[in-house]
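# quick one, fold the following:
(one chain, ligands or ions: 1)
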Amino acid sequence: MIQPRKHLLGLEGMQAQEIYQILDTSRSFHEILERQVKKVPTLRGRSMINAFFEPSTRTRVSFELAQKRLSADTINITTSGSSMSKGETLRDMVANLEAMRVDMIVIRHGTSGVPHMLAEHTRASVVNAGDGTHEHPTQGLLDLYTMRERLGDLAGRRVTILGDIAHSRVARSNIWGLRALGARVTVCGPRTMMPKRVEDLGVHVEYDLRRAVRDADVINVLRIQLERQGTNTFPGVREYARMFGITNEVLNTTKPECFVMHPGPMNRGVEISPEVADGPRAVILQQVTNGVAVRMAVCYLLIGAAGEEETRTVHELPRAVPAATA
Ligand code: CP
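Below is the predicted model of the structure:
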């Protein structure tokens with residue numbers, strides 16, 4: 001039996017059994033998303049705040065849709081629209097939100113560790129929607145879900161993560177999750193974009209793109225953070241595209257069934273060519289669709305499932321998802 005957790009702050013240390021529980025629950029919610037009426041009453045009466053202090057399209061909309069499809073009350077706040085723009089501290093803001101009895105705070109912040117700090121100072125459940133260069137656990141989970149949908153069991157599968165590994169919270173959450181499920185992870189990118197002692201994460205390191213993708217089942221392409229240009233991590237986008245960009249020519253050197261993922265937002269023509277992004281081997285929009293189901297599962301498991309069935313097992317969980325409302 002898996003102990004229910006209160007917060008989702010990262011995938012580091014999460015056991016395979018719990019990851020499978022989230023992915024199996026996501027599959028049940030995915031089925032709901034295929035129905036004509038995509039709403040269930042599961043979290044009716046629960047209130048959630050989505051606090052995004054960094055730009056986001058996919059994650060913010062995906063959380064909001066997930067919460068609305070679970071019938072939760074949901075409110076979005078950003079730095080400019082909150083009293084933080086008048087000097088209020090994040091901690092004071094959270095204390096005020098808690099005074100209004102919110103059940104969950106989903107937070108994205110440019111500083112690593114902010115969700116962890118919040119979790120220590122609130123009774124609400126906290127979900128990390130991306131903190132600095134640390135983790136982006138729901139992106140990691142939706143990536144695992146997408147890979148599992150295509151490949152089944154991920155044990156022994158080869159996943160290549162390509163790009164700015166040092167600054168990528170997506171890479172870190174993918175690495176923790178993939179390793180927990182027994183996948184073999186290769187990271188590839190310029191030396192200037194590799195964290196120190198990257199091997200300690202349990203990954204294979206490769207600096208040559210073609211060697212990195214030759215045996216891969218999946219290539220997960222990271223966004224090149226163009227805002228970091230000028231920080232000496234790479235000389236220019238053209239050079240990066242030439243050495244590390246995924247093009248059809250690169251894909252021709254991989255296994256034919258190898259597919260391409262990207263968390264978005266994409267820099268077309270830099271880390272990924274338009275013909276690959278729009279081509280049959282990319283599953284990028286499937287990742288976005290899957291993200292809603294995974295975030296429904298996360299919200300449900302954190303605040304909806306607690307106390308529902310003390311003795312449920314991982315495999316019983318999907319049956320606990322209520323039918324759609326008329
Ligand atoms: N993948 C991801 O986090 O995208 P957004 O920045 O648009 O949320």
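# C-alpha from now on. contacts and neighbour counts both.
Noted.
# in this structure, where is pLDDT below threshold?
Flagging of the chain using pLDDT under 70 yields the residue ranges 1, 228-232, 306-326.
# spatially central residue for the protein, please.
Averaging the C-alpha coordinates of the chain gives a centre point, and the residue nearest to it by Cα atoms, centre = their mean is Q139 (0.7 Å).
# what's the closest non-adjacent residue to it?
Nearest-residue entry for Q139: V170, 6.5 Å, with adjacent residues in sequence omitted and distances by Cα to Cα, 6 or more residues apart in numbering.
# please identify the helix or strand for that neighbour.
The secondary structure element spanning V170 is helix 169-180 (assigned by DSSP states H and E).
# packing partners of that helix?
helix 16-33, helix 137-151, strand 184-188 (3 or more Cα pairs under 8 Å, 6 or more residues apart in numbering; DSSP states H and E).
# at 10 Å instead, please
Contacts of helix 169-180 with other secondary structure elements, assessed using 3 or more Cα pairs under 10 Å, 6 or more residues apart in numbering; DSSP states H and E, are made with helix 16-33, strand 125-131, helix 137-151, strand 158-162, strand 184-188, strand 218-221.
# mind listing what's buried in the fifth one?
It stands for strand 184-188. By neighbour count with 16 or more other Cα atoms under 10 Å, strand 184-188 contains the buried residues 184-188.
# over to the third one?
For helix 137-151, burial by neighbour count (16+ other Cα under 10 Å) applies to 137-147.
# let's have those residues in CSV, adding distance to A66.
Supplementary listing: the buried residues of helix 137-151 in CSV, determined by distance: Cα to Cα, whole Å:
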residue, distance to A66
P137, 16
T138, 12
Q139, 14
G140, 17
L141, 15
L142, 13
D143, 17
L144, 18
Y145, 16
T146, 17
M147, 21
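# got those as a markdown table, with distance to the ligand columns?
Formatted as a markdown table, the entries for the buried residues of helix 137-151 read as follows, by distance: Cα to the nearest ligand atom, whole Å:
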| residue | distance to the ligand |
| --- | --- |
| P137 | 10 |
| T138 | 9 |
| Q139 | 6 |
| G140 | 10 |
| L141 | 12 |
| L142 | 10 |
| D143 | 10 |
| L144 | 14 |
| Y145 | 14 |
| T146 | 14 |
| M147 | 16 |
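# neighbours of the residue nearest to Q139, how many?
Residue neighbour count, defined by other Cα atoms under 10 Å, stands at 25 for V170.
# that one: what's it in contact with?
Residues near V170 by Cα atoms under 10 Å, 6 or more residues apart in numbering: 130, 133-140, 143, 161, 220, 222-223, 262-263.
# distance of G10 from E227?
Distance, G10 to E227, using Cα to Cα, to the nearest Å: 25 Å.
# what's the answer for T78, then?
As defined by Cα to Cα, T78 lies at a distance of 21 Å from E227.
# what parts of the stretch 1-150 of the chain come near the ligand?
In this structure, the stretch 1-150 of the chain approaches the ligand at residues 56-60, judged by Cα under 6 Å from any ligand atom.
# repeat the analysis, applying 8 Å as the threshold.
Neighbours of the ligand within the stretch 1-150 of the chain, by Cα under 8 Å from any ligand atom: 55-61, 129-130, 136, 139.
# filter those to the buried ones?
58-60, 129-130, 136, 139.
# let's have these in CSV, adding distance to V294.
Shown next, in CSV, are those (distance: Cα to Cα, whole Å):
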residue, distance to V294
R58, 13
T59, 11
R60, 13
A129, 13
G130, 15
H136, 13
Q139, 9
